[in-house]
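S.K.: Here is a sequence with its predicted model. Questions after.
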Amino acid sequence: MRLRSLFLPLAAVALACGVPAAAGNKLVVAGQRIAVAKSAMTVLPTSEWNRLGARPGRAAETWTLDGDALNDLTFYGGIESGRPLFREVSRKTKPLPTVSTTMLVTDIPALLENSYRIALGTASMTIGTIEPATFAGAKGVHFTYSFVRQDDTLRRRGEGRGAMIGGRLYLITYEAPALYYYDRSAAAARQVAESAQL
Amino acid sequence: MRFVRTMLAVMAATMLAVVPVQAQEKTGVKPGFTLQPGTARIVLLRPSIRVGAQSTAGMFEPNADWTQQARENIGRALAKAQGQLGNTVVDYVEPVGADAAALAEYQALFDAVAQSVIEFQFFPGNRLPTKKRKDQFAWSLGADVARLPGLSGADYALFVTTEDHFGSTGRKVLQVFAALARVPVTAGVHKGFAGLVDLHTGELVWLNADLQMGGDVREADGADKRVRQLLEGFPGRPAAATVVASAGR
């Protein structure tokens, strides 16, 4: 019985890791306003993107041009209080920080930083600049960051735009390797993030 | 009877699910790219080699001795193969200091690109819609890669990466138990990427990449086999050498 209780979660994990996620990558066409992250947030991209079938969390989705390791534009659409930004690997051993209704906009970069430190096992995540910005018509924050994933030497840069609207967190992040890839699609990613509406 | 029918349906579904994995591609070439023998100067960058064990839970545990053995073996095998690639292949002169860090970062970028090619190009079912069109193979490290010291005068850079996680006893036992429960658990990872980057544009023009390569890199014979697989179909290689290489597999 004990063996079985140990074995079943292992089997579930193996299934989750071993089988490639159901694909279903969809084309995001240019010039059409589209709802993102199963939420009321919409964006209007002026160039084409790919929406990945695999979502980082229930209220999140990722767009990319060359794969999420090379350019990753992720939308967090109205994360409720008490919920983490993305799916937890293990609620028991690796719990992620959660959104709170009372969060200030300056708490948003810290939430992302702490979530990445735990989820990616990275010690080298740093927040660069933090400045006030209008996001989706609300008072929000714009910030930059950089990090290196565990067991990797590739430095990645990122930037986020977010706001607390109606007690929920709306956030768009763009990240890519600092070498070549970040600059290559930063303008396209910024355009999408700045077009966000609720 | 009903049970048999159900079993057959399950088996059929399993086979269908397995097919796309088998149909996975392992080589990509930029459309229209050809390399004539004796026309290009290629710089072979120092291969990035990591060898270790895979714990029961699947975590990688590096092993310095194995890595050292693999470095020597693969170095020897590459030196043997280098002369038969049809073009001048020279070893890269190692940079020092800040330049060494820049090289390491480009190798990490090459790995990330190769992984993305495997995930989003070689698995046809997972291809990105913007990359599906007209047989394209559009992947790049950026034109700045040519600015790495020691690459001036060269036409192409050859990146080679291998990473081996040998399954520990615990992992293999888990694999057997998991197989009884019809759960796929892999014991061991044997990644190998070899890629040719055009130094005039930064584009990846040829890539051989697989997550389950053959050859035990800790032994000389195994390293020979691994290098043969890595360089299989290398552009610009004379036909005779290719035949010898594939006959030896």
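M.R.: Now that the structure is in, tell me what you want to look at.

S.K.: Secondary structure element holding the residue most central in space within chain A?
M.R.: Centroid-nearest residue in chain A, with Cα atoms, centre = their mean: residue A:74, separated by 4.1 Å. Under the criterion of DSSP states H and E, residue A:74 resides in strand A:72-79.

S.K.: average model confidence for that strand?
M.R.: On average, the pLDDT along strand A:72-79 is 95.

S.K.: Contacts for that strand next, please.
M.R.: A:36-41, A:43, A:49, A:56-57, A:59-64, A:85, A:99, A:162, A:165-166, A:168-176, A:189, A:192-193 (Cβ atoms under 8 Å, 6 or more residues apart in numbering or on different chains). In this view, the C-beta of every residue, glycine as well, is placed from N, C-alpha and C.

S.K.: and with 7 Å instead?
M.R.: Contact partners of strand A:72-79, identified using Cβ atoms under 7 Å, 6 or more residues apart in numbering or on different chains, comprise A:36-41, A:49, A:56, A:59-64, A:85, A:99, A:168-176, A:189, A:192.

S.K.: And the following helix or strand past it, how far out from the chain middle?
M.R.: Remark: after strand A:72-79, the chain's next helix or strand is helix A:107-119, criterion DSSP H and E. With Cα atoms, centre = their mean, to the nearest Å as the basis, helix A:107-119 stands 11 Å off its chain's centre.

S.K.: Give the buried residues for helix A:107-119.
M.R.: Buried residues in helix A:107-119, counted by 16 or more other Cβ atoms under 10 Å in any protein chain shown: A:107, A:108, A:109, A:111, A:112, A:113, A:115, A:116, A:117, A:118, A:119.

S.K.: other SSEs contacting that helix?
M.R.: strand A:125-135, strand A:138-148, strand A:155-165, strand A:168-177 (3 or more Cβ pairs under 7 Å, 6 or more residues apart in numbering or on different chains; DSSP states H and E).

S.K.: Give me the contacts around that helix.
M.R.: Contacts to helix A:107-119, defined as Cβ under 7 Å, 6+ apart, come from residues A:84-86, A:89, A:94, A:96-97, A:99, A:122, A:125, A:127, A:130, A:141, A:143, A:145, A:147, A:160, A:162, A:169, A:171, A:173.

S.K.: between that helix and strand A:155-165, how big is the angle?
M.R.: 130 degrees (axes from the mean of the first three to the mean of the last three Cα atoms, to 10 degrees).

S.K.: so helix A:107-119 versus strand A:138-148, what angle?
M.R.: Using the same axes, to 10 degrees: helix A:107-119 against strand A:138-148 is 30 degrees.

S.K.: so helix A:107-119 versus strand A:168-177, what angle?
M.R.: Calculated by the same axes, to 10 degrees, helix A:107-119 forms an angle of 60 degrees with strand A:168-177.

S.K.: how about helix A:107-119 as PDB, C-alpha atoms only?
M.R.: Taking C-alpha atoms only, helix A:107-119 is exported to PDB below (Å, rounded to 0.1, in the frame of the first residue of the first chain):
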ATOM      1  CA  ASP A 107       5.100  44.400  -5.400                       C
ATOM      2  CA  ILE A 108       4.600  43.000  -9.000                       C
ATOM      3  CA  PRO A 109       8.300  42.800  -9.900                       C
ATOM      4  CA  ALA A 110       9.000  41.200  -6.500                       C
ATOM      5  CA  LEU A 111       6.300  38.600  -7.100                       C
ATOM      6  CA  LEU A 112       7.800  37.600 -10.400                       C
ATOM      7  CA  GLU A 113      11.300  37.500  -9.000                       C
ATOM      8  CA  ASN A 114      10.300  35.300  -6.100                       C
ATOM      9  CA  SER A 115       8.300  33.000  -8.400                       C
ATOM     10  CA  TYR A 116      11.200  32.600 -10.800                       C
ATOM     11  CA  ARG A 117      13.700  32.000  -8.000                       C
ATOM     12  CA  ILE A 118      11.600  29.000  -6.800                       C
ATOM     13  CA  ALA A 119      10.200  27.700 -10.100                       C
END
